[in-house]
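**Student:** could you look at this predicted model? Sequence included:
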Amino acid sequence: MAEFFLNDFFVGIDVAIYQFVDSIMNPVLNVIMTFITHLGDTPGIIWCIIGICLLIPKKTRKLGVLLFAGLAISSIINNLCLKEFIERPRPYNLDPQVWLDAGYTYKWPDLIHKSSSWSFPSGHTSTSIGAAFALLLSCKKKNLAIGIPTFILSLLVGFSRIYVHVHYPTDVIAGAIVGLIGGAIAWLLVEKVLMPKVVPVIENKLNKKLF
């Protein structure tokens, strides 16, 4: 399946975006992007922290549930299904001749350690966007101050994966699509099943309002 990505269309997209990223790399951005990329490290450190903070107050508890649901569903789709099926090697493991034939010299910037997992789609991107998008979909006006910055952070995590050269740009694009789908599925399950049908039963048993 990985050979599918060796055609001119995908290689052309990856090379064009990598060339842009290479042109903006500098010591300050290296530090910022390295920090941001580690926020999405398994199991999604920053998302777990944000999710726990949202679960504590009753008024934001549903947002915390949505965030964790988006994180979990996107992770299952991306990391347990697609990555293991497609088996695309990381860009630093690709035959250098492929890059040279496309007019690009791939250089490992050595900003983070090299991952041994498969490359496509980007797990950091899919889980980050899945968590943030599920939350954003349920944000009303008063919670947009939470939803919008969170979603922007998820996009930055995705971009950081290209910046540190641990993923092909097309990995990140695909990861973003998976995240949007996973986040939407999580929102549907929480809003249409969990909150109206499951939570009332639990609250009745506990004789306590949880949300």
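**Tutor:** In hand now; what should we look at?

**Student:** which residue lies closest in space to Trp187, excluding its sequence neighbours?
**Tutor:** Leu137 (4.3 Å; CB to CB, 6 or more residues apart in numbering). (Glycine included, C-beta is placed from N, CA and C.)

**Student:** er, Lys62 I mean
**Tutor:** Phe211 (5.4 Å).

**Student:** neighbours around the residue nearest to Lys58 when sequence neighbours are not counted, how many?
**Tutor:** Nearest residue to Lys58, sequence neighbours excluded (CB to CB, 6+ apart): Phe211, at 6.6 Å. Neighbour count of Phe211, defined by other CB atoms under 10 Å: 13.

**Student:** repeat that for Leu63.
**Tutor:** For Leu63, using other CB under 10 Å, the count is 25.

**Student:** now do Glu87
**Tutor:** 12.

**Student:** and for Ser126?
**Tutor:** 35.

**Student:** ok, now which ones touch it?
**Tutor:** 74-75, 77-79, 175-176, 178-179, 182 (CB atoms under 8 Å, 6 or more residues apart in numbering).

**Student:** among the residues you listed, which one sits closest to Ile45?
**Tutor:** Nearest to Ile45 among the contacts of Ser126: Ser75, at 13.5 Å, using CB to CB.

**Student:** where does that closest one fall, phi/psi-wise?
**Tutor:** As for Ser75, its main-chain torsions (degrees, to the nearest 10) stand at phi -70, psi -40.

**Student:** assess the claim that it and Gly123 are in contact.
**Tutor:** Yes. Counting by CB atoms under 8 Å, Gly123 is a contact partner of Ser75 at 7.0 Å.

**Student:** give me the neighbour count for Lys107.
**Tutor:** 12.

**Student:** hmm, back to that, pick out whichever of Ser75 and Gly123 has more residues nearby.
**Tutor:** Between Ser75 and Gly123, Gly123 has the larger neighbour count (other CB under 10 Å), namely 28 against 22.
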